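Engineer: Build me a model:
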Amino acid sequence: MKKFFLVLAVAALTLFATAQTNQYFWYQGNLMMGNPIAQIDSITFGENEPTDTLHILLPRTIIKEVHDTVEIVKHDTVYINKCLADNGALPGEFSISATKKVRFSQGNLWYNAMAGTHKCADGTTQKGVWKFAEQQYDTIGQAQKNKSEFYDGWISVFSWGTSGWNSGANKYQPWDYSANDPQNYFVGGSQNNDLTGNYAYADWGVYNAISNGGNEPNKWRTLTKDEWNYILAQRPNCQNLRNNAYVNGINGMILLPDNFVMPDGIGFVPSDDASQNRYTLSDWILMEENGAVFFPTDVMYATKGYDANPSSDHSMGWGANYMRWSSTHRSYYQSWTAGRVSLSGSTYRCDGSFVRLVQDVE
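Structural biologist: You can find the predicted model right below:
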């Protein structure tokens, strides 16, 4: 029987010991109650519990699953997303062709060059730790402008093909960025290679172990340009399964899975105008349970003044966006990205974009 053990920090719980509130939770198929909460120091999930989520109704407190422990923060409800316990994949299934589906990772890909080491698909160990953002709406902001080989902080903006695998490109490390000639980012030394086949290790999710995504290489991958286009513009009812929105106060884009069921009392307007779709954290919890995916707007950078002349002004410009890399090159110095509620665009490979990985549905 598969079990998950979430050990509650007793010291944190004693803060609420005098509240005498009731705690409800699923245990081996039954709804259980504990009172007061300081007497409960562990919860066991048996095989008969709801498959995706566990709700614990508890005033003033939210208990959030963080790997093998539970942390306490102030809120109105408890939310533990069990679907993330195994490998960091969200529950919603998205068609990327007439015959194939994928699940998205729980958040954008992040990297810290000084946090430790990780395993790679070629059997080596490299410095740095890769992880998915803990929540889909988590962002980093302008601090990542400091990214370098020695920057002890998280970054989420990457130039194309910078998985850390030496593909033959001049720049291939996750902290690399330069406003110089995008030819520095030619995977395999050629402008015509994708992050697939012989060059699949240039894909961040193929080459690297993601610490909260199974912690083994070869578990994730980046969508191709055609797959992004299918999700955004070709799957059935696609125009009603995407919008711009605010989630927990963060601007971004929402994609809904193929067979999404909207929770009662929550609306969804397919629109480029994010102000028409504002979701509280409690709204989003219900939507995420049913498989909704959110791409938050964060600080990304782009080359200013690039004109294919290496001697021109290549200062870096920063702004808010949520362009996401595909694994597909375009031509010359560019590769394809997925934008807002639209088809894919293209971006210079030396520019910075976000990475949102997927797993194929077997």
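
Engineer: Counting neighbours, what do you get for residue 189?
Structural biologist: 11 (other C-beta atoms under 10 Å). Quick note: C-beta positions are derived from backbone N, CA and C, even for glycine.

Engineer: separation between it and residue 159?
Structural biologist: Between residue 189 and residue 159 the computed distance is 16 Å (C-beta to C-beta, to the nearest Å).

Engineer: Excluding residues flanking it in the chain, which one is nearest residue 302?
Structural biologist: residue 351 (4.6 Å; C-beta to C-beta, 6 or more residues apart in numbering).

Engineer: what sits against that neighbour?
Structural biologist: 159, 182, 300-303 (C-beta atoms under 8 Å, 6 or more residues apart in numbering).

Engineer: okay, these in CSV with pLDDT next?
Structural biologist: Output for those, formatted as CSV (pLDDT from 0 to 100):
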residue, pLDDT
159, 93
182, 84
300, 80
301, 77
302, 73
303, 62
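
Engineer: Can you tell me which of these has the most neighbours?
Structural biologist: Result: residue 159 is most packed of those (other C-beta under 10 Å), 27 neighbours.

Engineer: I figured it hits residue 352, correct?
Structural biologist: Yes. Using C-beta atoms under 8 Å, residue 159 is in contact with residue 352, at 6.1 Å.

Engineer: Please identify every residue contacting each of the two.
Structural biologist: residue 177.

Engineer: how close does residue 239 get to residue 327?
Structural biologist: 25 Å.

Engineer: Which one of these two is surrounded by more residues?
Structural biologist: Each of residue 239 and residue 327 has its neighbours counted (other C-beta under 10 Å); residue 327 has more, 26 against 10.

Engineer: Do I have it right that that one meets residue 203?
Structural biologist: Yes. Checked against C-beta under 8 Å, the pair residue 327 and residue 203 is within contact range at 5.7 Å.

Engineer: So what touches the helix or strand hosting residue 229?
Structural biologist: Assigned by DSSP states H and E, residue 229 belongs to helix 225-229. Residues outside helix 225-229 that contact it (C-beta under 8 Å, 6+ apart) are 96-97, 102, 324, 326-328, 330, 336, 338, 343-344.

Engineer: at 10 Å instead, please
Structural biologist: Applying C-beta atoms under 10 Å, 6 or more residues apart in numbering, the contact partners of helix 225-229 are 94-97, 100, 102, 194, 221-223, 234-235, 238, 324-330, 335-339, 342-346, 358.

Engineer: Now residue 183: closest residue in space that isn't a chain neighbour?
Structural biologist: Leaving aside its chain neighbours, residue 183 sits nearest to residue 333 (6.5 Å; criterion: C-beta to C-beta, 6+ apart).

Engineer: that older thread, need the max-distance pair from the contacts of residue 351.
Structural biologist: The largest separation in the contacts of residue 351, counting by C-beta to C-beta, is between 182 and 300 at 15.8 Å.

Engineer: Low-confidence regions, the chain specifically.
Structural biologist: 1-86, 179-180, 303-317, 340-345 (pLDDT under 70).

Engineer: which residues in it form helices?
Structural biologist: Remark: helices assigned in the chain by DSSP state H are 10-13, 204-207, 225-229, 281-289.

Engineer: JSON lines please, covering these and showing distance to residue 261 and mean neighbour count.
Structural biologist: Shown next, in JSON lines, are these (distance: least, C-beta to C-beta, whole Å; neighbours: other C-beta atoms under 10 Å):
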{"stretch": "helix 10-13", "distance to residue 261": "34", "mean neighbour count": "14"}
{"stretch": "helix 204-207", "distance to residue 261": "29", "mean neighbour count": "25"}
{"stretch": "helix 225-229", "distance to residue 261": "24", "mean neighbour count": "21"}
{"stretch": "helix 281-289", "distance to residue 261": "10", "mean neighbour count": "20"}
